[in-house]
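# here is a sequence together with a model predicted from it:
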Amino acid sequence: MKNEMIAKVLKELRKQNEMSVRDVIIKLEAKSVNIAEKTLYGWESGQAQPDADTLLILCEIYHVNDILSTFGYKDSLPLNPTEFEKKIILALREHPEMTPAITKLLDIDD
């Protein structure tokens with residue numbers, strides 16, 4: 001599945017690391033990844049995407065620690081329910097017939 005953010009993020013990361021396209025190509029070559037400059041431009045413009053192994057190497061070059069969040073695969077807000085919220089969820093699962101009433105009470109679109 002193509003992630004549209006990959007192109008934008010790759011270009012942004014290269015610039016944040018103050019690297020030219022040639023700098024990145026040299027670092028990739030040092031890791032046995034040989035590509036043309038136009039390939040990197042293609043990745044940064046969204047015309048193509050690097051394979052998973054190459055993306056991991058690029059993340060290493062760009063000092064990316066949290067790959068999922070960097071490329072938009074994680075929710076921006078982690079969901080850490082309180083003990084009370086967990087009890088509510090469990091109770092709702094035991095009484096699914098209450099779902100319509102709860103969604104109406106809380107004005108939640110189902």
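Cool, the structure landed. These numbers come from a predicted model, not from an experiment. Numbers count the residues shown, from 1 in each chain.

# alpha carbons only for contacts and neighbour counts from here, please
Fine.

# got the contact list for the nearest residue to Asn17 once chain neighbours are set aside?
Counting by Cα to Cα, 6 or more residues apart in numbering, Asn17 lies nearest to Tyr62, which is 6.5 Å off, once chain neighbours are set aside. Applying Cα atoms under 8 Å, 6 or more residues apart in numbering, we find Tyr62 in contact with 13-14, 17.

# try 10 Å
Tyr62 is in contact with 10, 13-19, 24, 56, counting by Cα atoms under 10 Å, 6 or more residues apart in numbering.

# could you check how far it is from Lys8?
The gap separating Tyr62 from Lys8 is 14 Å, by Cα to Cα, to the nearest Å.

# what of Gln16?
Gln16 sits 12 Å away from Lys8, going by Cα to Cα.

# out of these two, which sits in the more crowded spot?
Lys8 (15 against 10; other Cα atoms under 10 Å).

# by contact count, what packs against the helix or strand of the chain with the lowest mean pLDDT?
When each helix and strand of the chain is scored by mean pLDDT, DSSP states H and E, helix 67-70 comes last, with a mean of 86. Helices and strands touching helix 67-70, as assessed by 3 or more Cα pairs under 10 Å, 6 or more residues apart in numbering; DSSP states H and E, comprise helix 5-16, helix 52-61.
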